[in-house]
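Participant: the sequence isn't on hand, but the structure is:
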């Protein structure tokens, strides 16, 4: 072992040393940590940023859990259901569930619990703190609201938001343009009577998830406080009065998709996030115009799959390299593009592209024993027991416009010692870039410029 690497291992518990197309990683890096660390965050303090954390890690501060952390197999089962739904919606192959004779879109597939990251912000006047999931794969934001009781809502860490005590809450009447837009996008739930005598009927919303979880309530506007210096007025959101299903401690959901109901579409702002490398570290979510200085970013064009499918952000992958060597993948295999999603864990590639990646990765990792395939659905997993250090090949993705990102090692390549990719479907079809590959990058979505940017080492 050379002196620089020995010194690194002595000075830090998480330290990766690059050796050409490979990275030497301490074996301790694959063990979970119980203490929250924010030492790597490098967001710009002058922009409207919020701390972001993995929902099952010590930085999330969601309090005691009502259930144990799900196993990797369970998380990935829900993850694939979510991915399958997103692809079906993006490509127009919609399915619906039926409730009381009404047909409601299966909004996130069988997978609300596959969403991974939370932020804490405030809503109302006076402001009430709420911890919400973030999701680029959905649009309508919502929180649980009083007078919801234990039979209508699930337990959450923070106090329920009470619209009656907020001077800035305004329910949206039926017949308005905002309410009609819910019908267009499949989030409507008819009208509900106002409690005020002679007042107009109110706009209702409904979302049903594929696993049976539902949220319904009144669509309204409120003041959303991002941090001490930034507040957004007339934020359209769902004030949930009836929630049932496998929800767990969080207070609601923040929709960051591209449809009109999303937070970013309402205000026409760019947004970015940095997903932390481990469950025990923190990243950030920024809701603001792009920084004046975009040095360090690489950009690729952003697409929509179809004009009437605005939720998802699509980019074109043009190449993959392993250990510094480009893989031989025909352009037609990757032509369908990839949806970038914060809520999907594992990246799904067309089958030929995945087969080439798996072959190269296994060859580079041949000194470590493969674990037999299990119910996780991942087929390239390793046993690193007894290894004080692990040599992992670098994996790089190249997008349209020659934008190349080198994934963080090991956090952006491996999940629980498994290669964080899977075969998604046919060659030339649509795939998904999961959140594991996005770790440590600031991912900047700028709809006005029609670009997605990546900045390495941001958290």
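Facilitator: Right, received. Where do you want to start? As the structure is a prediction and not an experimental result, all values here were calculated from the model.

Participant: show me where the stretch 51-200 of the chain has its helices.
Facilitator: 72-90, 177-185 (DSSP state H, counting those that start in this stretch).

Participant: show me what counts as buried in the first one.
Facilitator: Just to be clear, that refers to helix 72-90. 72, 75-87, 89-90 (16 or more other Cβ atoms under 10 Å). Quick note: C-beta positions are derived from backbone N, CA and C, even for glycine.

Participant: now the last one
Facilitator: Using 16+ other Cβ under 10 Å as the burial criterion, the residues of helix 177-185 that qualify are 178-179, 181-182, 185.

Participant: checking my notes, residue 354 in a helix, right?
Facilitator: Yes. When DSSP: H, G, I helix; E, B strand; the rest coil is applied, residue 354 is found to be in a helix.

Participant: what residue is smack in the middle of the chain?
Facilitator: residue 342 (1.8 Å; Cα atoms, centre = their mean).

Participant: who touches that one in this structure?
Facilitator: 115-117, 134-137, 256, 273, 275, 435, 438 (Cβ atoms under 8 Å, 6 or more residues apart in numbering).

Participant: next: residue 148.
Facilitator: Counting by Cβ under 8 Å, 6+ apart, residue 148 makes contact with 160, 240-243.

Participant: hmm, which of those residues are the buried ones?
Facilitator: The neighbour-count test (16+ other Cβ under 10 Å) applied to the contacts of residue 148 identifies 160, 240-241, 243 as buried.

Participant: ok, residue 411 - contacts?
Facilitator: Shown in contact with residue 411 (Cβ under 8 Å, 6+ apart): 277-278, 436, 439-440.

Participant: turn the residues you listed into a markdown table, columns for distance to residue 192.
Facilitator: As requested, the contacts of residue 411 are exported to a markdown table (distance: Cβ to Cβ, whole Å):
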| residue | distance to residue 192 |
| --- | --- |
| 277 | 45 |
| 278 | 44 |
| 436 | 41 |
| 439 | 42 |
| 440 | 45 |
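
Participant: hang on, residue 160 packs against residue 145?
Facilitator: Yes. Using Cβ atoms under 8 Å, residue 160 makes contact with residue 145 at a distance of 6.4 Å.

Participant: care to break this structure down by domain?
Facilitator: Domain segmentation of the chain under automatic domain parsing yields 3-31+297-455, 49-285.

Participant: now find how far off-centre the shortest one is within its chain.
Facilitator: Domain 3-31+297-455 has its average C-alpha position 16 Å from the chain's average C-alpha position, going by Cα atoms, centre = their mean, to the nearest Å.

Participant: what does the last one give?
Facilitator: Its chain's C-alpha centre and that of domain 49-285 lie 13 Å apart, by Cα atoms, centre = their mean.

Participant: next, the distance between the ends of that domain.
Facilitator: 5 Å (Cα to Cα, to the nearest Å).

Participant: one step back: who wins for proximity to residue 193 among the helices of the stretch 51-200 of the chain?
Facilitator: Proximity to residue 193, assessed across the helices of the stretch 51-200 of the chain by Cβ to Cβ, is greatest for helix 177-185 (14.6 Å).

Participant: mind checking pLDDT for residue 186?
Facilitator: As predicted, residue 186 sits at a pLDDT of 85.
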